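Engineer: This is the structure alone, sequence omitted:
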């Protein structure tokens, strides 16, 4: 056992003692930070333990996951989303060991210029990670990197004021929305929320279907699990900050509620969701389940969704997901990276990966949401 694992063990023991304190009669605590009054997990499947396993797995990967295309070479968005989730959870747990390791891992992205100034949602979303690190450790370099990517997203705009990165793929609700929301969190400048709200409202009007779910994109009429997961998580992020007086608030809130109600209908009895949400013959997929669990948990804790109707959904999702996570912290049955398809078999036959960062990332978001008070 190394020093980092020893320190983590001490933290885990302290947290379990706190959980016992709650369970023996103190269902609420005035202390800000972790936990609410609905602890449903055991020591073995607790969000902290599972989250630390997934973080430990990240640090076993000496190389960053990179994206190499004709238009951009840089850190892959899945790596960015995993680092973001790790930083959020570590910050919540006051885990300075992990925060320091994350800072070392990602400072190289600034010093080595691994992120180029590409104008594409998959490139710019990296900014969510340096923003999160800045909010924890105050490192100015991380702030400036995040601002460069958030403002760069709107360097070029369309005639209606949307970013030129607009492409009407469901993934973009997270890729654009989360970055602009993070920029708002660090600056307090509402222009970032206005950008995100206007952009997402446009996506809702184009891609949400009468049943509440979302097509993968225009000319891709399929309810792909992780695609809808990006939407659900992106809506939860925006609604966590968007004021009720925003001209887009009602539209976005109603679309979110409509989607969450649809997800209840399609959740399997064991708590999982499927690769194609509305197809029972489709296999159960972990990254989408974690994203939906995250989005529902945020909604319940923020008072956007009724607890009595939705709490069981995220509890079942978490209990189901931990069964897909090995002792090495790797999540199995993760859909491989997926572009838009033109037939159902394309989605049903996508490879199922183990340890793919597309699945590691949302497990960390979900764990954070279960522990955070909001």
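Structural biologist: Cool, got the structure. Keep in mind that what you see is a predicted model, and the values were worked out from it rather than measured.
Engineer: Any regions of the protein where pLDDT drops low?
Structural biologist: Flagging of the chain using pLDDT under 70 yields the residue ranges 1-37, 112-118.
Engineer: Do I have it right that residue 359 meets residue 337?
Structural biologist: No - in this structure, residue 359 is not within contact of residue 337 by Cβ atoms under 8 Å, at 11.1 Å. Any C-beta I mention is one placed from the backbone N, CA and C, and that applies to glycine too.
Engineer: Between the two, which is the more surrounded one?
Structural biologist: residue 359 (31 against 16; other Cβ atoms under 10 Å).
Engineer: what's near enough to touch that one?
Structural biologist: Shown in contact with residue 359 (Cβ atoms under 8 Å, 6 or more residues apart in numbering): 286, 287, 290, 331, 333, 334, 353.
Engineer: between those residues, which is closest to residue 222?
Structural biologist: In terms of Cβ to Cβ, no member of these lies closer to residue 222 than residue 287, at 16.1 Å.
Engineer: ok, for that closest one, nearest residue in space, not its chain neighbours?
Structural biologist: residue 359 (4.2 Å; Cβ to Cβ, 6 or more residues apart in numbering).
Engineer: before we move on, what about residue 348?
Structural biologist: Going by Cβ to Cβ, 6+ apart, residue 348 has residue 282 as its nearest residue, at 5.9 Å.
Engineer: For residue 305, see how far away residue 312 is.
Structural biologist: 12 Å (Cβ to Cβ, to the nearest Å).
Engineer: Oh, that last question was meant for residue 223, not what I typed.
Structural biologist: 20 Å.
Engineer: do the same with residue 197
Structural biologist: If you go by Cβ to Cβ, the gap between residue 197 and residue 305 works out to 19 Å.
Engineer: Could you verify that the residue nearest to residue 287 is part of a helix?
Structural biologist: Yes - under DSSP: H, G, I helix; E, B strand; the rest coil, residue 359 sits within a helix.
Engineer: Now do it against residue 369, distance only.
Structural biologist: 16 Å.
Engineer: which phi and psi does residue 331 have?
Structural biologist: In terms of degrees, to the nearest 10, the main-chain angles of residue 331 are phi -90, psi 130.
Engineer: Likewise for residue 327?
Structural biologist: The phi/psi pair for residue 327 (degrees, to the nearest 10) is phi -60, psi -20.
Engineer: show me the contacts for the closest residue to it other than its chain neighbours.
Structural biologist: Closest residue in space to residue 327, ignoring its immediate chain neighbours: residue 53 at 7.7 Å, by Cβ to Cβ, 6+ apart. By Cβ under 8 Å, 6+ apart, the contact set of residue 53 is 325, 327, 328, 329.
Engineer: In three-state terms, how would residue 53 be classified?
Structural biologist: helix.
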